[in-house]
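J.: give me a 3D structure for the following:
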Amino acid sequence: MLKRLLTNLDDVEACLQSGEGDVIGGDGEGNIAIFHQAMKMATNLQIGPVEEIWFEGESTLVASTIRGGSCLWLASDSLPVGRLSHEARSLRPVIEDLIEV
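T.: Got it, this is the predicted structure:
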């Protein structure tokens, strides 16, 4: 079910990683070390929790927190970062429900 949900997005590579960096589902890639570094920086700067990280360049990438320490990675060569962010926020509650089941 999770794999089908993540591969259902056109022009988007998606991956769900555990807090340890293990791929739980999807066909994309993620780097949990980058996410952990951002969380450490936010804690040191006392600016609150990290909910999303956006990367823009020739391709776009959004990394979003999932309850329980997991991380959702969405990447695309054609979609803007705002669209990926919207998709991540839309998928977050569905994925959290699937993980808890």
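J.: every contact and neighbour count from this point should use C-alpha atoms.
T.: Noted.
J.: so which residues of this protein form helices?
T.: Shown for the chain, the helices assigned by DSSP state H span residues 2-7, 32-45, 81-100.
J.: dump those into TSV; add mean neighbour count as well.
T.: Compiled in TSV, those are given as follows (neighbours: other Cα atoms under 10 Å):
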stretch	mean neighbour count
helix 2-7	16
helix 32-45	14
helix 81-100	15
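J.: wait, isn't D77 in contact with E58?
T.: Yes. Applying Cα atoms under 8 Å as the test, D77 and E58 come out as touching, 6.8 Å apart.
J.: who's more crowded, these two?
T.: The residue with more neighbours, out of D77 and E58, is D77; 14 against 8, by other Cα atoms under 10 Å.
J.: how about that one: what's its closest non-neighbour residue?
T.: Nearest non-adjacent residue to D77, counting by Cα to Cα, 6 or more residues apart in numbering: S59, 4.3 Å away.
J.: what about the one you found, how many residues nearby?
T.: The burial count assigned to S59 is 13, neighbours taken as other Cα under 10 Å.
J.: tell me the contacts of it?
T.: Going by Cα atoms under 8 Å, 6 or more residues apart in numbering, S59 touches 75-78.
J.: show me the beta-bridge partners of the spatially closest residue to L61 that is not a sequence neighbour.
T.: Distances taken as Cα to Cα, 6+ apart place A75 nearest to L61, at 4.3 Å, with adjacent residues excluded. On the basis of DSSP bridges, A75 takes part in beta bridges with E13, L61.
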